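Enquirer: need a structure here:
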Amino acid sequence: MTAHAPTTHETPAPTGELAAERAHLVTSRAALKAMRERAEQLFTVGDQVAGDAYTAEQLGRQMAQRIKELSDDPAVPLFFGKLTMAAEERWHIGRRHVSDAVGEPLVLDWRAPMSRRFYQASARDPQEVAVRRRFGWSPAPAGGSTALTSFEDEHLDHGQELGTGSAILTAEIERPRVGPMRDIVATIQPEQDELVRADLEDTICVQGAPGTGKTAVGLHRAAYLVYLHRERLRRSGVMIIGPNRSFLHYISAVLPALGELEVTQATVGELLDHLPVRAEEDVAAATLKHDARMAQVLHRALWARISRPTGPITVSDGSYRWRVDEGVLRRVVDEVRREQPPYALGRERVRARVVGLLQRQSEARRGDSPPDAWLRKMGKVKPVAELLDHCWPAITPQQLLADLYTDAEALSRAADGLFSPEEQELLHWAKPPRSLRSAPWTAADAVLADEVAGLLDRPAGFGHIVIDEAQDLSPMQARALARRSGHGSLTVLGDLAQGTTPWAARDWRDMLGHLGRPDGRIVPLSTGFRVPAAVLTLANRLLPALDVAVPPARSLRRDGSLEVTESADVAAAARNALTREGSVGVIAADAAVPAIVDALRAAGLEPSALDGDGRLTVVPATLVKGLEYDHVIVCEPAAIVAAEPRGLHRLYVALTRAVTSLIVLHTEPLPEPLR
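Expert: Okay, the predicted model is just below:
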C-alpha cells in the first residue's frame, strides 16, 4: 500500500473541509451555551421540583457546580482533534463533552474511552482509526476568541504517522506562554497517556526530568480520575499538594480549564495547622525533627503516659454506691491498650467499658437498664474522670511536644536507642515558654504536631492525592500525607536531581515507603518536550555532582538558545529578552533579588509580582521550582550555589526553567561542573 503525505491546511479562505470544521465549531459552541442555559433553568426551578428543603439545597449545589463546569472560554479551543474511524464514524475530541438537543455528541471529552485512541492509535496499531486530525488555532487576543486556522491529517490506515514531527503538535508544545500553566490535552504523548489513565487503585511515582511534563501528567490524571469516578471522589475528595503558593498559583488554571472545579490545592504546611509557627531553627535541629526516627520517639512518649490503676473506684449515683475493683480496672486498661486504637479513642473506650461495668451492677440491683442520662452522668463523675486522668490522661500535640522539649528525662526515655545525647540536646528548649501559646514553634514542630494528632485520632482522608516536587518531602512530611490517603491512592511526581531540602530523597523506593505505598510503581520520564537540548546539555553537567542516580535528561527540541556571559547587566539582558515573544524570568539567589528589582526599575522596566501575570518576573531561586518561562536569565550561579548546602541542586533547578532561551550572567567564576 502506498503511503500518502500527511495533509496540512493552512489559513486560506474558509472553503471545503476547513469551512465545515469551522461550522462544526459554531454549532458546538451554540450547543454548549444551550446546555448551560438548561442547567441555569434547572437551578432556577430546583426548589420547586425538590421534595424537601434538604433535597432542594443539594440539587441547587449540584446545579451551581454544573453551571460553572459548562462555562465556555472563547480563548480556549473547544476541540483540538478529530477521529475518523474505519467505519466512517467521526468524533471531535475536546476538553469537555458537548451534545446537541437530542443528546448526540458533538464533542467527546478527552477522557472518554473512545478518546483514548486519539493518543494511543499509531500506524502500527491504528485501533480502527482511519484518520487522526489535529487542529491549529490562532492565539486569542486580549478579551477575544481563538480562531480555527488549519488542520493536519495522519492517515493511519495508510501507514502515515507524524508523531513528534507534527507541525501543529510542535507549534503547540513550543508556543510562548505568559501567565499560569495551561493544560496539555492536545499534546499528551502515548507514554504520558498511559500514566494519566492509570487505575484509581494504582499508586504511581513519576521520576521526571525537566520538561518531561510530569506536573501536567499529575494534573491530568486527577482530572481523568474525577471524570471516571465522580461520585466516589466527590465524597472522598482529590488533593493537589505543591511546594509553595507561587507554584499552586501557576498550575491553578489547568483543572478549571478541563471543567474540574472541586479539586483542593494546598501546600504541606497549609495542611498542618495544629500550632502557630512563629520561629525558625537551625538546619541541624530541623533535619532531626524531620527524621523518620521522630515517629517512634513520639509514639513512645505518648503511650508512655498510660499507667495501670492503683486502686478500686467507688461511684455513687445518689441512690446506690457501686465499686469496681483494681484488678478489673487493670484488665480494662490492658485490654484496650492491646487493641492499639488511636490514643484518644482508647481513652473513650476505657471510659465506656468502666461505665458498662457500673451499668451491669445497676441492672442487677434494679432489674432494668438505666436511662441514657444516667450513663452520660456516670461517664463524667469524679471517680471515673480521675481514673481516666491517671491511667489514660488527655493530651494535646502541643502539650506532648512541649513536655519532650522541656523534660530532658522524658525525652531520654522516649529517644533511648534512637537519638544520641547530642541529638537530644538539639531538641531541648533552653528557656521554657510561659505558655503553649507563646512557645517558639517552628515549621518542623508543625509536622511533629501532626504526627501526634495522627496518633490521637485518624484524620479525614482523600480518595486521591497528587504530590508534586515530592523529592523535597521529609520522611515525617510524607507520613503526614500517608495518613490522609489511608484508603486512597497517590500520584507522586518529582525529580531526585531537583531535591533541595536538607532531607531531600535520594531513592524513590524509600520515599514510597514513608508514604505508605512501598509497592507503588516507579516510572521514569527522561525525554523532554519543553526545555531545549542546549539548555539540558548545560544542566546535565551538574548531574555527577548531585549524588543521585538519575539518567541525563534529553530533549526533542533543537530550537532553543544558550548564552553564558561574563556580565552583571541584568537590565540589558532583560530588555533584550522582552523584544522576543513570551515570558521572561530573572532567577537569582534570594538575597540578590531586591537589588535586581531596583536595577530593573531604574532602567525603566517594571517586574510583576511573583503570582502576577506580567511578562517580566524576578524569582528568588528558592521559589522557582516547578515554574517555567520562555526566556530565563540566571544571575550569578556561584551565589545561588553558595546560598545553601544543596546549592548545586538549586542551580540545576534554575537552569532548567527555560523553554526557549537561557542567558547565564556572571562576574564570579562559574561553579566547577560548568566551567
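Enquirer: For the rest of this, base every contact and every neighbour count on C-alpha atoms.
Expert: Noted.
Enquirer: Contacts made by the host helix or strand of Ala444 with the rest, please.
Expert: Following DSSP states H and E, one finds Ala444 within helix 443-456. The contact list for helix 443-456 (CA atoms under 8 Å, 6 or more residues apart in numbering) reads 269, 272-277, 279-280, 286, 289-290, 294-295, 298-299, 302, 342-345, 396-398, 400-401, 476-477, 479-480, 483.
Enquirer: Could you rerun that using 6 Å?
Expert: Around helix 443-456, the neighbours that count as contacts under CA atoms under 6 Å, 6 or more residues apart in numbering are Leu272, Val277, Ala286, Pro342, Tyr343, Ala344, Pro397.
Enquirer: Mind listing residues that contact whichever helix or strand comes after it?
Expert: Once helix 443-456 ends, the next helix or strand along the chain (criterion: DSSP H and E) is strand 464-467. Contact partners of strand 464-467, identified using CA under 6 Å, 6+ apart, comprise Val238, Met239, Ile240, Ile241, Gly488, Ser489, Leu490, Thr491, Val492, Leu493.
Enquirer: before we move on, back to that, so which two of the contacts of helix 443-456 are the farthest from each other?
Expert: For the contacts of helix 443-456, the farthest-apart pair by CA to CA is Ala286 and Ala344; their separation is 27.7 Å.
Enquirer: Which elements pack onto the longest helix belonging to the chain?
Expert: As assigned by DSSP state H, the longest helix anywhere in the chain is helix 16-49. Judged by 3 or more CA pairs under 6 Å, 6 or more residues apart in numbering; DSSP states H and E, the packing partners of helix 16-49 are helix 53-69.
Enquirer: The same query, at a cut-off of 7 Å, please.
Expert: When contacts are defined as 3 or more CA pairs under 7 Å, 6 or more residues apart in numbering; DSSP states H and E, helix 16-49 packs onto helix 53-69, strand 98-99.
Enquirer: And those, which one averages the lowest pLDDT?
Expert: Mean pLDDT is lowest for helix 53-69 among those, at a mean of 69.
Enquirer: With just CA atoms, put the very next helix or strand once past that helix into PDB.
Expert: Downstream of helix 53-69, the first helix or strand assigned by DSSP H and E is strand 79-85. C-alpha atoms of strand 79-85 as PDB (Å, rounded to 0.1, in the frame of the first residue of the first chain):
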ATOM      1  CA  PHE A  79     -11.900  20.800  20.400                       C
ATOM      2  CA  PHE A  80      -8.400  20.100  19.300                       C
ATOM      3  CA  GLY A  81      -8.600  16.800  17.400                       C
ATOM      4  CA  LYS A  82     -10.800  14.500  15.400                       C
ATOM      5  CA  LEU A  83     -11.000  10.800  14.700                       C
ATOM      6  CA  THR A  84     -12.400   9.300  11.500                       C
ATOM      7  CA  MET A  85     -13.000   5.700  12.100                       C
END
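Enquirer: Within the sheet, what are the partner strands of strand 79-85, with directions?
Expert: strand 90-94 (antiparallel), strand 129-138 (antiparallel) (DSSP bridges).
Enquirer: Check the secondary structure at Leu490 for me.
Expert: Assigned with DSSP: H, G, I helix; E, B strand; the rest coil, Leu490 falls in the strand class.
Enquirer: And it, how far from Leu512?
Expert: Relative to Leu512, Leu490 is positioned 10 Å away (CA to CA, to the nearest Å).
Enquirer: Of these two, which one has the most company?
Expert: More crowded of Leu490 and Leu512, by other CA atoms under 10 Å: Leu490, with 29 against 25.
Enquirer: can you pull up the bridge partners for that one?
Expert: Judged by DSSP bridges, the bridge partners of Leu490 are Ile465.
Enquirer: Let me know the pLDDT of it.
Expert: pLDDT at Leu490 comes out at 97.
Enquirer: Would you check that it makes contact with Val206?
Expert: No: using CA atoms under 7 Å, Leu490 makes no contact with Val206, being 10.8 Å away.
Enquirer: which residues touch Gly647?
Expert: Applying CA atoms under 7 Å, 6 or more residues apart in numbering, we find Gly647 in contact with Ile640, Val641.
Enquirer: Once you drop chain neighbours, what's closest to Glu281?
Expert: If the residues on either side of it in the chain are set aside, Glu281 comes closest to Thr442, at 6.9 Å by CA to CA, 6 or more residues apart in numbering.
Enquirer: so who does the one you found touch?
Expert: Contacts for Thr442 (CA under 7 Å, 6+ apart) come out as Val277, Arg278, Ala279, Glu280, Glu281.
Enquirer: Measure how buried Asp282 is and give me the count.
Expert: Asp282 has 8 neighbouring residues, counting by other CA under 10 Å.
Enquirer: Backbone dihedrals for it, both of them.
Expert: phi -70, psi 160 (degrees, to the nearest 10).
Enquirer: what's the distance between it and Leu670?
Expert: Distance, Asp282 to Leu670, using CA to CA: 28 Å.
Enquirer: any low-confidence regions in the protein?
Expert: Low-confidence segments of the chain (pLDDT under 70): 1-15, 45-61, 63, 163-164, 174, 176-180.
Enquirer: So Gly614 sits against Ser608, correct?
Expert: Yes: here Gly614 lies in contact with Ser608, judged by CA under 7 Å, at a distance of 5.2 Å.
Enquirer: I'd like the contacts of helix 443-456 written out as a markdown table, with distance to Ile465 added.
Expert: Below are these laid out as a markdown table (distance: CA to CA, whole Å):
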| residue | distance to Ile465 |
| --- | --- |
| Leu272 | 16 |
| Val277 | 25 |
| Ala286 | 26 |
| Pro342 | 23 |
| Tyr343 | 26 |
| Ala344 | 26 |
| Pro397 | 25 |
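Enquirer: Which ones among those lie within helices?
Expert: Applying DSSP H to these, the entries found in helices are Ala286, Tyr343, Ala344, Pro397.
Enquirer: As JSON lines, the residues you listed with neighbour count and distance to Gln424 would be great.
Expert: Formatted as JSON lines, the ones in helices among the contacts of helix 443-456 follow (neighbours: other CA atoms under 10 Å; distance: CA to CA, whole Å):
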{"residue": "Ala286", "neighbour count": "19", "distance to Gln424": "12"}
{"residue": "Tyr343", "neighbour count": "26", "distance to Gln424": "25"}
{"residue": "Ala344", "neighbour count": "18", "distance to Gln424": "27"}
{"residue": "Pro397", "neighbour count": "23", "distance to Gln424": "19"}
